[in-house]
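Engineer: show me how the following folds:
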Amino acid sequence: MLIIFGRFNLYAQLFTIIKTALVGVVLSTIVTSVSAQTLRGASMFDDKHTFTKTMVKFADLVNEYYDGDVKFDLRLNGELGVEKDYVTFLNQGVAIDYTILAPSNMARFAPSIPLMDMPFLFRDLDHWNTVLSSDILAPLEKELSEKADNVIVGYAGGGTRNLLSSKPIMNMKELEGHKMRVMGAPIQAQIFDAIGAAPSAIAYNEVYNAIQTGVINGFENEAASIQNLKFYEVAPNVTLTSHTITVRPIVFSGKSFRKLPEKLQAAIKKAGKEAGAYGRELESREDGIKLKEMVDAGQIKVSEFEGREKLLDMVKPVQDKFAAGINATELLGAIRATK
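Structural biologist: Predicted coordinates:
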C-alpha cells in the first residue's frame, strides 16, 4: 500500500506540475495576443508604388497615435491576390484587415460606391481634394459599411487617368468603336459607351495579354500603374483625356475593426484620414513625374484629345441617370456645387 500510495503521490505531483505549466502557456498566449495585435494589409504593387507608401505611412501613424502594442504585416506585389480578392477578404474578415481599393471593385456589395470615382466627376485637383477633405461622401461610406461591412478610414488617390492604346486615339472619330477595357462598375462602361467607345470589363490581371492578343486595343489608367506594370510595352500611346482623378479609399474590414480596442479604433480613424491626405498629395505630385519619366525613356507617346469639352457634355446625362438610379441626385449635386 505504501508503494502504491507513494506512486500515487508521485503521479499527483507530476500532474500538478504539468497542469501549472499548461496554465502558464495559456496565460502567456492570452497576454501576447492582447499586447501584440497584428494587422494584415495587402498591396498589388511594390514598395515604390504610392498605394504601398500610403499604407506604410498609415501603419507609422497608427503606431504614433496608439499607446498599445500593434504590429503590421503588409504583403506586396499581389502576393494575396488582386483587388477583387481583397474586397471578398475584407467582407469576410479573413486574410487581410486593410488595403486601398478602387471604388469599382466594391460595386458588387455597394452599388452606389462607384459614384465617387465616376469619370468626369471632378473639375480639377482642387475640386477633388476639397470634396475628399469634407464629409460630402458620408452617405456612400454608410452604404459600404451596411452592405459590405467595410469601413472607409481615409481617402488616397490622385492619379489622373487617361486613355492608353496600341494605336493613337486623338479625336472623336478615332475614339468611335475603340475596344477598351474599363473597370467593373456599370457606370464605367456606360460613360465610355456614351462617348462612342466600345468598353468591356476585363480582369485587371488579364489586360496586358488582352491588348497583346488584340482582344482589346487599350484601356484607361494612371501613370503610376502604367509604369509599375509596364503596360507601355503593349500600349505606348497615351491620350490626355484626364477623365478621372482617382479616389482610392483606405478600407478596413468591419469584422476586424470591431474586435479592436476602442483606443486602437480611434487611432486607426485618425491615422487613416492623415494617411489619405498624405497619399493624395504624393500621388497627385508623382503622377506628372512618372508620365514624364516614361516619355523621356521613349516608352510612351503623349497626345492631347481634340474636343475634350464635347466629352463633358456627352456624359452629363449618363451621370444624372446613374445618380437618380441610386437615389444620389442630391449627392451628385453637392459634389458639383462644391467650390
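
Engineer: please make it C-alpha for all contacts and neighbour counts, starting now.
Structural biologist: Noted.

Engineer: which element is Leu121 on?
Structural biologist: Assessed by DSSP states H and E, Leu121 sits outside every helix and strand.

Engineer: which pLDDT value belongs to it?
Structural biologist: pLDDT for Leu121: 95.

Engineer: roughly how far apart are it and Met314?
Structural biologist: Applying C-alpha to C-alpha, to the nearest Å, the value for Leu121 to Met314 is 13 Å.

Engineer: looking at the two, which is more packed in?
Structural biologist: Legend: neighbour count by other C-alpha atoms under 10 Å for Leu121 and Met314, higher for Leu121 (21 against 15).

Engineer: now the helices for the stretch 51-200 of the chain?
Structural biologist: 83-92, 125-132, 138-148, 172-175, 186-194 (DSSP state H, counting those that start in this stretch).

Engineer: for Phe51, which of those helices is the nearest?
Structural biologist: Comparing these against Phe51 with C-alpha to C-alpha, the closest turns out to be helix 83-92 (12.2 Å).

Engineer: enumerate every residue touching the most centrally placed residue in the chain.
Structural biologist: Note on the chain: the residue nearest the mean C-alpha position is Leu101, at 1.5 Å, using C-alpha atoms, centre = their mean. Residues near Leu101 by C-alpha atoms under 8 Å, 6 or more residues apart in numbering: 83, 87, 248-251.

Engineer: hmm, back to that, what sits in contact with each of Leu121 and Met314?
Structural biologist: What both Leu121 and Met314 touch, as defined by C-alpha under 8 Å, 6+ apart, is an empty set.

Engineer: quick one on the thing from earlier: tabulate the helices of the stretch 51-200 of the chain (CSV), appending mean pLDDT.
Structural biologist: Shown next, in CSV, are the helices of the stretch 51-200 of the chain (pLDDT from 0 to 100):
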stretch, mean pLDDT
helix 83-92, 96
helix 125-132, 95
helix 138-148, 96
helix 172-175, 96
helix 186-194, 94
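
Engineer: quick one: closest of these to Lys71.
Structural biologist: Nearest of the helices of the stretch 51-200 of the chain (C-alpha to C-alpha): helix 83-92, 18.3 Å.

Engineer: mind listing what's buried along that closest one?
Structural biologist: Within helix 83-92, the residues that count as buried by 16 or more other C-alpha atoms under 10 Å are 83-84, 86-92.
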